[in-house]
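Engineer: sharing a sequence plus its predicted fold:
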Amino acid sequence: MTEISGMRAHRVYVPRDSAALALGADRVAAAVAAEAAKRGIAVDIVRNGSRGLFWLEPLVEVQTPSGRIGYSNVQASQVAALFDSGWPARAIQDGEREMAPVDPHGSWEAPMPDCVGRVDAIPYLAKQQRLTFARIGVTDPLSPTDYEAHGGLAGLRACLALDAEAACQTVLDSGLRGRGGAAFPAGIKWRTVSRAEASQKYVVCNADEGDSGTFADRLIMESDPFVLIEGMVIAALSVGASEGIVYVRSEYPHAIAMLEAAIGIARREGWLGADVLGSGRSCELRVAKAAGAYICGEETALLESLEGKRGVVRAKPPIPALSGLFGKPTLINNVITLASVPYIFAHGAQAYREFGMGRSQGTLPVQLAGNIRRGGLVELAFGVTLRTLLDEFGGGTASGRPAKAIQVGGPLGAYLPSAQWDLPMDYEAYAAVGAVVGHGGVVVHDDTADMAGLASYAMEFCALESCGKCTPCRIGSTRGVEVIERIRRGDTSTRQVTLLHDLCDTMVSGSLCAMGGMTPFPVRSALEYFPADFGLPDGAKRAEAA
Amino acid sequence: MVPTPHATLAPLLARHAGRAHELLPLLHALQDSEGYVDPAHVPAIAAALNLSRAEVHGVITFYHHFRSAPPPATVVQVCRAEACRSRDGEALVAHVEAATGARIDGEPCQGIGVESVYCLGQCALSPAVTINGELHARVSPTRFDALLAATREEVAHD
Ligand SMILES: Cc1cc2nc3c(=O)[nH]c(=O)nc-3n(C[C@H](O)[C@H](O)[C@H](O)COP(=O)(O)O)c2cc1C
Ligand code: SF4
Ligand code: FES
């Protein structure tokens, strides 16, 4: 508690990430300020980021000697009644009460906000392994002193002591692989850009986050933007670039605003600019706003967009690491990849490598979404199973009905049936069953889901978002919708099903990028695991093969 | 006061002149101030940035974000992506159509337009919508009606 004009002010935290805002957090903060003023109670309101326990948002916390005590689903209309009950001073007693060691379920639209006890003791949070997201929800996202007090800049300082070769080796040794989808070893990419000879190089952060079920990038940008900035400066210094660009989707205006504010602060603090932390080295960052095209998440389409053109995919080679933005060597990494780097430099490659399994090292920010009771961000070492995520963290479906299919890795990822929910989350283990971990998005569907409808939607989305460069993707997706709709209308003849399989094969083998090349993943998995939804008998696949 | 088109366009053309790669920031600035990108501006933009008119037109039409006509007074965007579908998002679409009288991605009705959007980053709190740019999560049909009524009131007061 801080001292304000002789009165002990209660420190109250009201999150400001867009999920909290979408549930009225700004009105809650205003109501707390107004009510406190009316009653002559001194409060010091901190707009922290969200902890990622979204089902509890707006999650208002009060600082007490025994830690931060949380109140879930606070609505502006309840704030006066909350004060009537003796709040925020009451939080001290609430903090001493024993809370059940189970995850709170949230009480959206309940008559009064529920006390969820000490927030960092909530099992959902306590059981996580937060490395990249360690500061999320704890700090004020735009406070540089808060950032440094919670370990910020240690990674950048460590990096400044290394030469480029050693810095790239650190990333390589950590085992970090790209978190944007393709899972390419980050250290190899960094070294390629670092060793390329050029007068000008760029670092581009891919913050297009178009996949349904993913919000980890958004959460970092809104709740701890400095960690991304620090990661980008480390990357720029390591590969010999002095300019970095963050390409953010236009659907995220709040993330754009937070990032721009944070970049301004970082520049004022000397973390950016002509003399990074007094090292004599320079690094500038800026934000580029995208314009609502899913394909611009693909790295070469993204570069075309940054050059002011239509987001049409480029053929590779040349790879962007050698010839990227304006033909110059360009390091392109996802938000989470870059935000993971400060931890690696601060604690050492080995410390990061100790998490995970096989060739999937470190932690994966899993995003629990869709029909799930406790949706939110779960950062854990690779190797966790969907069943653990769904039951232990997620608390089952939101509808209370049995879960039926889980789509992992965004709209291009397969639908996994219950039989595969015990597979460890690991890039190779997933690849072995034709699934992808991708960006770690997990979207749960309950038993009312119409898998044929979702398969049709997958094709429709591809048709809508195709860049148009190759025929299998551009035309095949439209044909895909037609065939699936014919099957759904009852034409389940072997001919239609064979046609759909052929179409999927053509898209997989004939597409230039993963948009056309992977759209068949959700379609085929729906067909294979949920044939009844298409009006097909279970043995359809076998009969057809015969 | 709404700026006249030329008052907005001229400084933008000057700022980005000769820099073809700055076409997107220019279009964003134009749409932010005027609400849309008037096709009548295409020749001037093309000339200033050393691009063909076809290239400028191609960019405007490629990106879903850019509008070629003024937006309706109230724009409702409803998420159609998977996480929202898993929580009755498509039923919400039908409800929004019924409540507003507008068809999704079709003609507006009484100043309200309804549009599809593909993921607003609220997938843990689906379904999600925006109303005049303001984000709302966990939107049930009842909650949508309340939000729309509040917006109608605001619009009436303006
Ligand atoms: C259709 C398509 C969409 C993509 N969307 C994204 C995206 O939204 N964000 C992202 O980081 N990567 C996306 N990717 C992957 C990028 O092409 C690229 O692999 C990634 O940005 C590299 O960064 P990383 O190695 O750090 O993952 C997409 C790829 C494809 C084919
Ligand atoms: S697969 Fe589709 S999105 Fe990818 S390059 Fe071809 S047409 Fe473009
Ligand atoms: S799928 Fe609707 S907000 Fe992400």
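Structural biologist: Nice, thanks for sending it over. Ligands and ions are numbered 1, 2, ... in the order given.

Engineer: okay, CA-based contacts and neighbour counts for the rest of this
Structural biologist: Fine.

Engineer: quick one: secondary structure of the residue of the stretch 301-450 of chain A found nearest ligand 1?
Structural biologist: When Cα to the nearest ligand atom is the measure, the stretch 301-450 of chain A has its nearest residue to ligand 1 at residue A:333, with 3.3 Å between them. Residue A:333 falls in the strand class when you classify it by DSSP: H, G, I helix; E, B strand; the rest coil.

Engineer: by proximity to ligand 2, which residue of chain B wins?
Structural biologist: Using Cα to the nearest ligand atom, residue B:62 is the residue of chain B that sits closest to ligand 2, at 12.3 Å.

Engineer: so for the residue nearest the centre of chain B, what's the pLDDT?
Structural biologist: Taking Cα atoms, centre = their mean as the criterion, residue B:65 is the residue nearest the geometric centre of chain B, at 6.1 Å. Confidence per residue is given as pLDDT, and for residue B:65 that number is 97.

Engineer: find the helix or strand that it is a member of.
Structural biologist: When secondary structure is defined by DSSP states H and E, residue B:65 falls outside every helix and strand.

Engineer: and residue A:445, which of the three is it?
Structural biologist: Residue A:445 falls in the strand class when you classify it by three-state DSSP.

Engineer: that one: what's it in contact with?
Structural biologist: Residues in contact with residue A:445, defined by Cα atoms under 8 Å, 6 or more residues apart in numbering or on different chains, are A:370-371, A:397, A:403-406, B:86.

Engineer: hang on, the earlier thing: check the gap between the residue nearest to the centre of chain B and chain A for me.
Structural biologist: Residue B:65 sits at a distance of 5 Å from chain A (criterion: Cα to the nearest Cα, to the nearest Å).

Engineer: how about that residue, phi and psi?
Structural biologist: The phi/psi pair for residue B:65 (degrees, to the nearest 10) reads phi -70, psi -30.

Engineer: hmm, it is touching residue A:292, no?
Structural biologist: Yes - with contact defined as Cα atoms under 8 Å, residue B:65 and residue A:292 form a contacting pair (5.0 Å).

Engineer: overlap in contacts of the two?
Structural biologist: Overlap between the contact sets of residue B:65 and residue A:292, as judged by Cα under 8 Å, 6+ apart, is given by residue A:250.

Engineer: in contact with the residue of the stretch 301-450 of chain A found nearest ligand 3, which residues?
Structural biologist: Closest approach between the stretch 301-450 of chain A and ligand 3, counting by Cα to the nearest ligand atom: residue A:370, at 7.6 Å. Residue A:370 is in contact with A:213, A:442-445, B:82-87, B:123-126, counting by Cα under 8 Å, 6+ apart.

Engineer: list the ones among those residues that fall in strands.
Structural biologist: Judged by DSSP state E, the subset of these located in strands is A:442-445.

Engineer: quick one on the thing from earlier: what residues are up against the residue of the stretch 301-450 of chain A closest to ligand 1?
Structural biologist: Contacts for residue A:333 were tallied using Cα under 8 Å, 6+ apart; they are A:178, A:180, A:186, A:204-206.

Engineer: where do the helices sit along chain B?
Structural biologist: Applying DSSP state H to chain B gives helices spanning B:5-16, B:23-34, B:42-49, B:53-62, B:82-85, B:89-100, B:141-157.

Engineer: now do the buried residues in the last one.
Structural biologist: Using 16 or more other Cα atoms under 10 Å in any protein chain shown as the burial criterion, the residues of helix B:141-157 that qualify are B:141, B:144-145, B:148.

Engineer: one more: stretch A:502-509?
Structural biologist: By neighbour count on 16+ other Cα under 10 Å, the buried set for stretch A:502-509 is A:503-504, A:506-508.

Engineer: do that stretch and ligand 1 meet at all?
Structural biologist: No - using Cα under 6 Å from any ligand atom, stretch A:502-509 stays clear of ligand 1, with a minimum separation of 12.3 Å.
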